[in-house]
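>>> Please work out how this folds:
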Amino acid sequence: MTFQITPATPSDYQLFADIIQTVWRGMDNKDWYLADNADYTCHMLTSGEGLGYKAIETETGEVAGIFLAVIPGLSEENMGRDAGLPEEELPLVAHMDTAAVLPQYRGHQLQYRLMQAAEADLRAMGFRYLMGTIHPDNVYSMNNGLKQGYQIIGEKLKHGGLRRAILMKDLYQSSRQ
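Numbers count the residues shown, from 1 in each chain. Purely as a prediction, here's the structure:
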């Protein structure tokens, strides 16, 4: 199979929510994954607070997976606060928020490829810090993040009390290596 990574449009919000819910329903460990709903994905794709990406299987045109990056601005949810960044650095933080790949398309590095597309756009937009949360026992997502240069900076209860490792990548340091 071959895949094309394309930006999402605001009208993709329900597709994003459907794929996220499908992936969540199929998980054995549901606390590993925060399943966004259509209201959240609609807000992120229409408000300018999020960037979405789709992995499309080129032969069938089927959407195989999605990724959502969030721009938290100065909100209390900005994970730059968890990292101890000064207030003036918080606008340079983007959250690598949600990845979902349908089971029949796994094994093609789609989460990695979707994140790389988001990273390239966020870098071009002037963001410096990419941050995300992963359940510490979710070795698949954890290995994907570590492979891309993210570092674990701590562990906290996030998203309403869910145990999460907090990961961060400094694009300025990454580009010098």
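>>> where does the chain dip in pLDDT?
Applying pLDDT under 70 to the chain flags the ranges 30, 32-33, 35, 174-177.
>>> can you map out the strands along it?
3-7, 50-57, 63-70, 93-101, 129-134, 151-158, 162-170 (DSSP state E).
>>> tell me which residues in the lengthiest helix in the chain are buried?
When the chain is parsed with DSSP state H, its longest helix is helix 110-124. Neighbour-count burial for helix 110-124, counted by 16 or more other CB atoms under 10 Å, picks out L110, Q111, R113, L114, M115, A117, A118, E119, L122, R123. From N, CA and C alone the C-beta is placed, and that goes for glycine too.
>>> and of these, the nearest to P86?
Of all these, P86 sits closest to L122, with 19.8 Å by CB to CB.
>>> Would you enumerate the residues in contact with the closest one?
By CB atoms under 8 Å, 6 or more residues apart in numbering, the contact set of L122 is L51, A69, A94, L130, L171.
>>> let's go with 10 Å and repeat that
By CB atoms under 10 Å, 6 or more residues apart in numbering, the contact set of L122 is L51, A69, I71, L92, V93, A94, H95, M96, R128, Y129, L130, L171.
>>> before we move on, what about L92?
By CB under 10 Å, 6+ apart, the neighbours of L92 are G80, L85, L122, G126, F127, R128, Y129, L130, D170, L171, Y172.
>>> Return the entry from the residues you listed with the maximum number of neighbours.
L130 (27 neighbours; other CB atoms under 10 Å).
>>> so how far is Y172 from K156?
24 Å (CB to CB, to the nearest Å).
>>> ditto for M131
Going from M131 to Y172 by CB to CB gives 14 Å.
>>> cool, and S141?
Counting by CB to CB, the gap from S141 to Y172 is 24 Å.
>>> before we move on, what about I19?
I19 is 33 Å from Y172, where distance means CB to CB.
>>> What of E49?
Distance from E49 to Y172, by CB to CB: 23 Å.
>>> So what pairs up with the closest residue to E119 other than its chain neighbours in the strands?
Once flanking residues are discounted, E119 sits nearest to L130: 6.4 Å by CB to CB, 6 or more residues apart in numbering. Per DSSP bridges, the residues bridged to L130 are A94, K169.
>>> Name all residues that make contact with L130.
69, 79, 92-96, 115, 118-119, 122-123, 145, 148-150, 167-171, 174.
>>> Good, wrapping up.
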